[in-house]
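Visitor: Predicted model, plus sequence, below.
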Amino acid sequence: MTPTVSIVGRPNVGKSTLFNRLIGRRKAIVHDQSGVTRDRHYGESYWNDRNFSVIDTGGYLPSDGDVISDGVREQVHLAIDESDVIIFVVDTDTGISSLDKAVAALLRRQKKPVLLVVNKCDNEEKRLNAVEFYELGFEEMYPVSAISGTGTGELLDRVVTLLPAEKVDEEETQFPKIAFVGRPNVGKSSLMNALLKNERCIVTDIPGTTRDAINSKLEYQGETFILIDTAGLRKRAKVKENIEFYSTVRTDRSIKQADVVVLLLDAMQGFDEQDKRILREAENFNKGIIIALNKWDLVPDKSTNLLKEFEEYIHSKVQTLQYIPIISISALTGQRIEKVLDVAKKVIEERKKKISTSQMNTFIERILKERALPVKRGKQLKIQYALQVKSNPPVFKFFMNNPQELPPNYRRFIENKIREHFNFEGVPITMVFRQK
């Protein structure tokens, strides 16, 4: 599992700017007004041959002074739980505040390595003034300017030396992984427990490297799977924004580990923006995807067409993801829970599917006859040939003239036809178009 580095500190010290610097791109909206960054602050960094995740605990905080203190305090506790290394950011322009001292006291009481970063050291005078922050009681201090990048190289050098050694569990890597994700209280743990107690499944606990979670090895119909439960928060977080933020971080972690992502929906609550974001994230990482409508036992007046109506409703919200299978289950009663594994098996097979080059080129000839490529800038677009260059997940490469001119609607046409001919149910397809 990728190690995690958290950035903590009071609002407006430049945590988001440092986060953007560490992950190498401007991901969050950064503004001088306290607590204005509300975007998701979770990204990947790579330095000196090490990959690690970076969490910016900046987020949104209410404006009331006492609540800000509570919010920051809770963020620090959560960051301690979630991280391998903690970067504590302070601001040389404003000096040491009472909130800095409170955060420092919390951090000194725990055992994770802490690097004190004095931000906004844009010149030599400010770098010299940074020594006052030794008063906070940390041995290692790094004066940096997150905006210009000054000092961040030395900081990253030290961060990677403090990361735990990477462990690869060979047993876990050889079996397909299924992650259960979704909003709070949709029944993720209930489904996990129902599957683990199912008499047809043989279960072995694997003490996970995932914080607070235990991955379980499950044998079903002669096949072995690793089930990943998206762990809840150990501490009772009270600030709503903190709970949502860390739930998102844990969901993203689970998606990255998995081969197949099962998005659980509460059949009584419907489908919202958070669910849509999870689906997009799973698609971006090219994971197999299944949607399971849980609590189906609570749905009144189940007509024959009700599931189909649910499918049409969800597909209308995410029209480009109509390849995702949708099933109805009840984790509480055990109704159809085995179907989750049956469909996951099928999606895993589809993800590994390999189409031969001769099949692909016969397919291309057929679809070009069905719908001719357009003429662009007076030139007829032509696809010379195509092949599948990778499976698990599938990647197709098309060689043609002027690939930059191929309109998006024709790309969608090709993808729809690939699915029509070769299926790939529940599996995102990557298509690459190259100049020939």
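Guide: Nice, thanks for sending it over.
Visitor: in the stretch 251-400 of the chain, what spans have low per-residue confidence?
Guide: Judged against pLDDT under 70, the stretch 251-400 of the chain has no low-scoring part.
Visitor: which residues of it fall in strands?
Guide: 260-266, 288-294, 326-328, 375-376, 379-380, 383-390, 395-400 (DSSP state E, counting those that start in this stretch).
Visitor: Residues in contact with the third one: which ones?
Guide: Contacts of strand 326-328 with the rest of the structure, by CB atoms under 8 Å, 6 or more residues apart in numbering, involve 267, 290-293, 296, 307, 310-311, 314, 336, 339-340, 343. Backbone N, C-alpha and C define where each C-beta goes, glycine included.
Visitor: circling back to that earlier point, save the strands of the stretch 251-400 of the chain as a markdown table, and put in distance to Arg73 too.
Guide: Output for the strands of the stretch 251-400 of the chain, formatted as a markdown table (distance: least, CB to CB, whole Å):
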| stretch | distance to Arg73 |
| --- | --- |
| strand 260-266 | 32 |
| strand 288-294 | 35 |
| strand 326-328 | 42 |
| strand 375-376 | 59 |
| strand 379-380 | 64 |
| strand 383-390 | 47 |
| strand 395-400 | 46 |
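Visitor: before we move on, what SS does Ser6 have?
Guide: At Ser6 the chain is in strand, as set by DSSP: H, G, I helix; E, B strand; the rest coil.
Visitor: Could you give the bridge partners of it?
Guide: Ile55, Ile86 (DSSP bridges).
Visitor: isn't it right next to Ile86, touching?
Guide: Yes - at 5.3 Å, Ser6 counts as touching Ile86 under the criterion of CB atoms under 8 Å.
Visitor: Now do the shared contacts for the two.
Guide: With CB under 8 Å, 6+ apart as the test, Ser6 and Ile86 both reach Ala79, Ile80.
Visitor: Centroid-nearest residue for this structure?
Guide: Asp252 (2.4 Å; CA atoms, centre = their mean).
Visitor: can you pull the contacts of it?
Guide: Contact analysis of Asp252 by CB under 8 Å, 6+ apart lists Tyr42, Glu281.
Visitor: Would you mind giving both backbone torsions of Gly43?
Guide: The phi/psi pair for Gly43 (degrees, to the nearest 10) reads phi -150, psi 180.
Visitor: Could you report the pLDDT at it?
Guide: According to the prediction, Gly43 has pLDDT 81.
Visitor: What of Cys201?
Guide: 65.
Visitor: Just put the strands of the stretch 251-400 of the chain in CSV and tack on mean neighbour count and distance to Val144.
Guide: Below are the strands of the stretch 251-400 of the chain laid out as CSV (neighbours: other CB atoms under 10 Å; distance: least, CB to CB, whole Å):
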stretch, mean neighbour count, distance to Val144
strand 260-266, 26, 37
strand 288-294, 27, 40
strand 326-328, 21, 48
strand 375-376, 12, 49
strand 379-380, 11, 52
strand 383-390, 16, 40
strand 395-400, 18, 39
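Visitor: which one of those lies closest to Ala104?
Guide: Evaluated over the strands of the stretch 251-400 of the chain, closeness to Ala104 peaks at strand 260-266, with 39.2 Å, by CB to CB.
Visitor: separation between the residue nearest to the centre of the chain and Ser6?
Guide: Using CB to CB, to the nearest Å, we find Asp252 at a distance of 14 Å from Ser6.
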